[in-house]
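> Following is a predicted model, sequence given first.
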Amino acid sequence: MTDSVSKYVSKLSPIVDYGTGAFLLIVAVMTIVGNGAVLVAARKRASRLKPPELLSVNLAFTDLGAAVTMYPLAIASAWNHGWLGGEASCIYYGLMGLLFGVASIMTLTIMAVVRLITTAMSHIPASRVPSWTRVWRAIVAVWLYSLLWCLFPLIGWGSYGPEPFGTACSVTWTNSHQSWNRSTFVLLFFTLCVLLPLSTLMLCYARIAYTHYQVYRTLKHHRTISISNQTTRRLTLMSVMVSAGFVVSWGPYAAVSVWSVFCANENIPPFLTLLPCLFAKSSTVYNPFIYYAFSKSFRREVSALKPSCQLSKSSQSDSDNQPAVHWKRGGHLQVLPQPCMCDTVRVGGYLEERGLPTVERTGGPGGSVP
């Protein structure tokens with residue numbers, strides 16, 4: 001058997017291949033159902049979408065695109081105990097994986113930056129307020145950036161090839177230390193498409209959490225507005241879960257890729273190279289379930305997909321127009337219309353918004369917030 005053929009033969013046992021195919025099938029179904037629900041819900045409320053919510057729609061599209069264009073081929077190859085289609089399908093699979101992977105990571109990063117600007121920055125200038133034009137430009141930039149990285153292996157910098165276990169393809173990172181071309185591509189890709197976005201995510205959500213803590217501590221000190229501790233914990237936990245999901249999904253795969261730049265990986269068992277790949281593929285699943293677990297408005301939208309659970313438009317409109325509390329330097333609070341992510345619902349006499357709590361005007365002369 002020639003090397004060009006043997007590299008597409010599975011290096012795993014048949015039982016592991018069958019298990020891998022079953023796992024990917026479950027991931028594909030959950031991805032299609034979860035992200036499909038996000039897209040359908042967004043379509044039903046298209047006239048009421050806020051500009052930053054387009055980023056959530058784009059993220060759902062990238063995850064759904066990966067499941068539709070990649071997972072069927074990966075499942076069939078796993079159950080075939082060998083890669084199907086040879087080099088042409090391998091390049092296609094690797095390109096799709098890189099395209100949707102980079103687009104997903106960069107969309108998550110922009111979402112974190114937008115949330116930081118709108119919830120943790122005081123005195124937001126008009127030039128920084130997310131608008132339809134700015135969000136659309138950001139989305140176009142994400143796809144152009146992703147496409148650029150996809151083209152590099154096609155023009156000779158880096159390459160696409162089979163994974164060490166033989167039933168999937170990606171950027172050729174195995175034994176990168178033997179090639180200056182591959183090692184520079186892997187290192188730069190890791191820096192600009194993994195390390196930098198990860199650092200941005202962590203810094204943004206850390207700043208948001210600290211800002212929430214400052215606001216709640218000040219409100220408690222002045223006894224101006226009472227906010228549910230449970231709401232505070234849920235908002236913070238949702239941000240942490242998004243960041244943690246990114247780390248868990250892509251961290252192991254990135255670590256193995258960088259390891260291959262400096263060390264030989266012939267002694268790494270194929271099964272151990274399979275696990276990081278499966279973790280990375282699971283990244284398409286968790287976002288809709290995080291939304292469902294922590295966002296009451298998303299649960300409302302999903303429930304509205306059922307005929308028996310339709311909600312009136314007036315109820316939706318009322319909740320969308322509630323004011324939001326913005327922290328201002330100098331110890332003052334400013335009540336403004338919600339700028340984005342307006343998942344606002346009334347809970348126990350209070351109002352909450354995904355990413356930023358909102359409250360009713362209480363206390364002070366004339367019933368206004370000081």
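Received, thanks. Quick caveat: nothing in here was measured; it's all calculated off a predicted structure.
> Can you give me the distance of Thr174 to Thr273?
Thr174 is 8 Å from Thr273, where distance means C-beta to C-beta, to the nearest Å. C-beta: built from backbone N, CA, C; applies to glycine.
> Where does pLDDT dip in this structure?
Applying pLDDT under 70 to the chain picks out residues 1-5, 120-129, 176-177, 216, 219-240, 243, 264-267, 306-370.
> give me phi/psi at the residue nearest in space to the middle of it?
In the chain, the residue lying closest to the centroid (C-alpha atoms, centre = their mean) is Leu108, at 4.4 Å. Main-chain torsions, Leu108, degrees, to the nearest 10: phi -60, psi -40.
> Isn't it up against Thr62?
No - using C-beta atoms under 8 Å, Leu108 makes no contact with Thr62, being 9.6 Å away.
> Which parts of the stretch 101-250 of the chain are strands?
160-162, 169-171 (DSSP state E, counting those that start in this stretch).
> I'd like these as CSV, with distance to Leu55 and mean neighbour count appended.
Output for those, formatted as CSV (distance: least, C-beta to C-beta, whole Å; neighbours: other C-beta atoms under 10 Å):
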stretch, distance to Leu55, mean neighbour count
strand 160-162, 28, 21
strand 169-171, 26, 25
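> and of those strands, who's closest to Ala103?
Closest approach to Ala103 among the strands of the stretch 101-250 of the chain (C-beta to C-beta): strand 169-171, 15.2 Å.
> Given that closest one, what are its sheet partners and their directions?
strand 160-162 (antiparallel) (DSSP bridges).
> For Tyr292, see how far away Val258 is.
34 Å.
> more neighbours, the two?
Set Val258 next to Tyr292 and count neighbours by other C-beta atoms under 10 Å: Val258 wins out with 20 against 16.
> chain center to the helix or strand that contains Ser89: distance?
Using DSSP states H and E, Ser89 sits within helix 86-119. Relative to the centre of its chain, helix 86-119 is centred 9 Å away, using C-alpha atoms, centre = their mean, to the nearest Å.
> for that helix, packing partners?
Packing contacts for helix 86-119, counted by 3 or more C-beta pairs under 8 Å, 6 or more residues apart in numbering; DSSP states H and E, involve helix 53-69, helix 71-80, helix 132-154, strand 160-162, strand 169-171, helix 196-222, helix 229-262.
> Repeat the analysis, applying 7 Å as the threshold.
helix 53-69, helix 132-154, strand 160-162, strand 169-171, helix 196-222 (3 or more C-beta pairs under 7 Å, 6 or more residues apart in numbering; DSSP states H and E).
> What residues sit buried inside it?
Applying a neighbour-count criterion of 16 or more other C-beta atoms under 10 Å, one finds 90-119 buried in helix 86-119.
> same check, this time on stretch 147-165
So for stretch 147-165, counting by 16+ other C-beta under 10 Å, buried means 149-150, 152-153, 158-165.
> Check stretch 18-29 too.
20-21, 24-25, 27-28.
> now for the residues you listed, which pair is the farthest apart?
Top of the distance list for those (C-beta to C-beta): Thr20 and Ala28, 12.4 Å.
> What residues does the residue nearest to the centre of the chain make contact with?
59, 201, 246 (C-beta atoms under 7 Å, 6 or more residues apart in numbering).
> please redo it, this time with the cut-off set to 8 Å
Contacts for Leu108 were tallied using C-beta atoms under 8 Å, 6 or more residues apart in numbering; they are 59, 197, 201, 242, 246.
> from these, which single one is nearest Tyr253?
Phe246 (11.7 Å).
> Please tell me I have it right and that closest one contacts Ile105.
Yes - judged on C-beta under 8 Å, Phe246 makes contact with Ile105 at a distance of 7.3 Å.
> Common neighbours of the two, please.
Joint contacts of Phe246 and Ile105 (C-beta under 8 Å, 6+ apart) are Pro197.
> Can you say which of the helices and strands packed on helix 86-119 is packed in most?
strand 169-171 (a mean of 25; mean count of other C-beta atoms under 10 Å).
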